[in-house]
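1. No sequence on hand, only this structure:
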């Protein structure tokens, strides 16, 4: 369990560095567009791909650090015991939902890999293939982290009693 949490922490930490690359690419794109009047064919597509992949693979990091979105107004009004039960229910629902995404994500990714799906734009990159691979991989990481978090929540309930 510690391995999964450490893996997701490292992925999230390293993935955040991607935004520096995005920043540099966007500055470059703006500079060549306005200084030399020659827009790049690849910058926007590259940035969309990188940010999309980052969004998907960093979900497990958010689950691990408990920084995902929830309705805090209601959650914070509950006593700690009820919060733990809410966490258990949320993790169970997340596991079911994310498992479905993993399954159907791989159904989408495998044909994209086999045919080398491309964007069809000016750059004609493999961005759709990479993004379709990232979706089930990121969802699988979230399932694993949700299982770890579920176990931690159940341990918290058992320790209270």
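-> Good, I have the coordinates. This one's a predicted model, so the numbers in the text were calculated from it and none came from an experiment.
2. doesn't residue 99 make contact with residue 146?
-> No - if you go by C-beta atoms under 8 Å, residue 146 and residue 99 don't touch, sitting 9.4 Å apart. Heads up, the C-betas are built off the backbone N, CA and C, glycines and all.
3. The two: which is more packed in?
-> residue 146 (24 against 15; other C-beta atoms under 10 Å).
4. quick one, what contacts that one?
-> Residue 146 sits next to 63, 91, 94, 95, 98 when contact means C-beta atoms under 8 Å, 6 or more residues apart in numbering.
5. Which pLDDT value goes with it?
-> On pLDDT, residue 146 comes in at 97.
6. Quick check: phi and psi on the residue of the chain most remote from its centre?
-> Ranked by distance from the centre of the chain (C-alpha atoms, centre = their mean), the top residue is residue 36, with 36.2 Å. Dihedral pair for residue 36: phi -100, psi 0, per degrees, to the nearest 10.
7. again with residue 65
-> Here is the backbone geometry of residue 65 (degrees, to the nearest 10): phi -90, psi 10.
8. and what of residue 78?
-> phi -80, psi 150.
9. what sits against it?
-> residue 86.
10. if you set the cut-off to 10 Å instead, what comes out?
-> 84, 85, 86 (C-beta atoms under 10 Å, 6 or more residues apart in numbering).
11. Any idea which helix or strand in this structure has the lowest mean pLDDT?
-> Least confident helix or strand of the chain, by mean pLDDT, DSSP states H and E, is helix 72-77 with a mean of 87.
12. downstream neighbour of that helix in the secondary structure list?
-> Going down the chain from helix 72-77, the next helix or strand is helix 80-115, by DSSP states H and E.
13. Which positions in whatever helix or strand comes next after that next one come out as buried?
-> Beyond helix 80-115 in the direction of the C-terminus, DSSP H and E gives the next helix or strand as helix 127-160. For helix 127-160, burial by neighbour count (16 or more other C-beta atoms under 10 Å) applies to 127-150, 153, 156.
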